[in-house]
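> sequence-free structure coming up:
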């Protein structure tokens, strides 16, 4: 069932509430990349204010979430940090036709605690041996980990730092390693550092990695085939793509990449 760009959120909500299903019986389950945890939390509040319904989130590594969906996990909507995993789920027939939406592009940053006795001005500074442990999301299944590895290679320091890397399950865990002091620096998503940037330098050092150092982190979402909550999933998807949803994503550091549906 293809989404129509002209179909307003208000009309979808009317269909949702009066389409023969009682509101209390409805529940939306969204599996979403870990870099979306803060931004989608805010969008979920907007969703709740419009529909009166809560969203159940499962945040994690895009690759691991995609595998769960491939194996039949009960998910209504999947928001990935990479189009590659959406492509694969579409290839094996796990997506509702016409439901793919390209909602944003992420950015990679280096974050370190303010109490560390070194200065990071660019990615190449991680070569400094005073930086003993560096956290990244696992490149085996995390798009931000893949981007981190690509960026370290582009900087020509992968061989210098690889023995000092600590692999996290996802980008949120990589940031937690940095926050706790278990590592000296973490290569993470800009979207997870928004509140730290709002509070100023006392929240740590943040260095944005140039986009040309890694493949673009183009992010897409899609409705999972067979969901019993397709109308509810459409409402959430339309909200993410709406001016209100895009404003929230931009606030958290995502770039807009167009409002088009994917075939």
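Right, received. Where do you want to start? Computed from a predicted model, the values in this text were never measured in an experiment. Numbering: from 1, shown residues only.

> what residues are up against the spatially closest residue to residue 68 that is not a sequence neighbour?
In space, and not counting its chain neighbours, residue 68 is closest to residue 31: 7.0 Å by Cβ to Cβ, 6 or more residues apart in numbering. Any C-beta I mention is one placed from the backbone N, CA and C, and that applies to glycine too. Applying Cβ atoms under 8 Å, 6 or more residues apart in numbering to residue 31 gives the contacts 57-60, 65, 68-69, 73, 75, 77-79.

> how about the strands of the stretch 101-250 of the chain, start to end?
With DSSP state E, counting those that start in this stretch, the ranges of strands along the stretch 101-250 of the chain come out as 101-106, 108-112, 134-137, 165-168, 185-189, 205-208, 217-223.

> need the winner for burial among the ones you listed.
Across those, the average number of neighbours (mean count of other Cβ atoms under 10 Å) peaks for strand 185-189, which reaches a mean of 30.

> that strand pairs with which strands?
strand 108-112 (antiparallel), strand 134-137 (parallel) (DSSP bridges).

> and the ones you listed as JSON lines, adding mean pLDDT and distance to residue 93?
As requested, the strands paired with strand 185-189 are arranged in JSON lines below (pLDDT from 0 to 100; distance: least, Cβ to Cβ, whole Å):
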{"stretch": "strand 108-112", "mean pLDDT": "96", "distance to residue 93": "32"}
{"stretch": "strand 134-137", "mean pLDDT": "98", "distance to residue 93": "28"}
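
> what's the closest of these to residue 44?
Nearest of the strands paired with strand 185-189 to residue 44, taken as Cβ to Cβ: strand 134-137 at 22.8 Å.

> hmm, who's touching the closest one?
34, 61, 126, 143-145, 148-149, 161, 164-171, 173-175, 177-178, 182-188.

> any of these buried? List them.
The neighbour count (16 or more other Cβ atoms under 10 Å) marks 34, 61, 126, 143-145, 148-149, 161, 164-166, 168-171, 173-175, 177-178, 183-188 as buried among the contacts of strand 134-137.

> ok, back up a step: CSV for the strands of the stretch 101-250 of the chain, including distance to residue 94?
Converted to CSV, the strands of the stretch 101-250 of the chain look like this (distance: least, Cβ to Cβ, whole Å):
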stretch, distance to residue 94
strand 101-106, 16
strand 108-112, 28
strand 134-137, 23
strand 165-168, 26
strand 185-189, 25
strand 205-208, 34
strand 217-223, 9
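
> what sits against residue 46?
Neighbouring residues of residue 46 by Cβ under 8 Å, 6+ apart: 239, 244-245, 248.

> okay, these in a markdown table with distance to residue 106 and neighbour count next?
Shown next, in a markdown table, are those (distance: Cβ to Cβ, whole Å; neighbours: other Cβ atoms under 10 Å):
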| residue | distance to residue 106 | neighbour count |
| --- | --- | --- |
| 239 | 19 | 21 |
| 244 | 20 | 13 |
| 245 | 15 | 23 |
| 248 | 14 | 21 |
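
> now tabulate those in CSV and tack on pLDDT and distance to residue 117.
Formatted as CSV, the contacts of residue 46 follow (pLDDT from 0 to 100; distance: Cβ to Cβ, whole Å):
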residue, pLDDT, distance to residue 117
239, 97, 45
244, 96, 43
245, 97, 41
248, 96, 36
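
> done for today, thanks.
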